[in-house]
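A.B. asks: Dropping a prediction and its sequence here:
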Amino acid sequence: MNEADGRLRDLSVLRSRYAADMDAEAVGAERAERRRSVEEAHRRFQLLRRELLELRKDNQGAQLVRLLAQVP
C-alpha cells in the first residue's frame, strides 16, 4: 500500500464518521422537536384542565361546553 492509498483510506474513514455524526445530529434534533411538541401539548392540556376545574367549581355550563369543544 502506498501513501496515496493510505490517505484515501483515511479520507474514507473521515467521511464515514462525518456522515454518522450528521445522522446522529439529525436524530437528536428530531427527538428534541418531538419532546418540545409533547411538552407544549402537555402544557396546553394542563391549562385547559385548570380552566375546566375552575368552571366546574363555578358551575358555568355553557363555558364548560365551549372549553370541552377545544380539547382534541
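C.D. replies: Arrived safely.
A.B. asks: what's the longest helix in the protein?
C.D. replies: helix 3-58 (DSSP state H).
A.B. asks: what helices or strands is the helix or strand following that helix leaning on?
C.D. replies: Next along the chain after helix 3-58, taking DSSP states H and E as the criterion, comes helix 61-70. Secondary-structure packing of helix 61-70 (3 or more Cβ pairs under 8 Å, 6 or more residues apart in numbering; DSSP states H and E): helix 3-58. All C-beta spots, glycine's among them, are computed from the backbone N, C-alpha and C.
A.B. asks: okay, the angle between the helix it packs on and helix 61-70?
C.D. replies: 160 degrees (axes from the mean of the first three to the mean of the last three Cα atoms, to 10 degrees).
A.B. asks: taking the mean pLDDT, what do you get for helix 3-58?
C.D. replies: Regarding helix 3-58, the rounded mean pLDDT is 84.
A.B. asks: Please state the offset of it from the chain centre?
C.D. replies: Using Cα atoms, centre = their mean, to the nearest Å, the distance from the centre of helix 3-58 to the centre of the chain it belongs to is 5 Å.
A.B. asks: name the helices or strands packed onto that helix?
C.D. replies: Looks like helix 3-58 contacts helix 61-70 (3+ Cβ pairs under 8 Å, 6+ apart).
A.B. asks: What average pLDDT does the helix it packs on get?
C.D. replies: pLDDT averaged over helix 61-70 gives 78.
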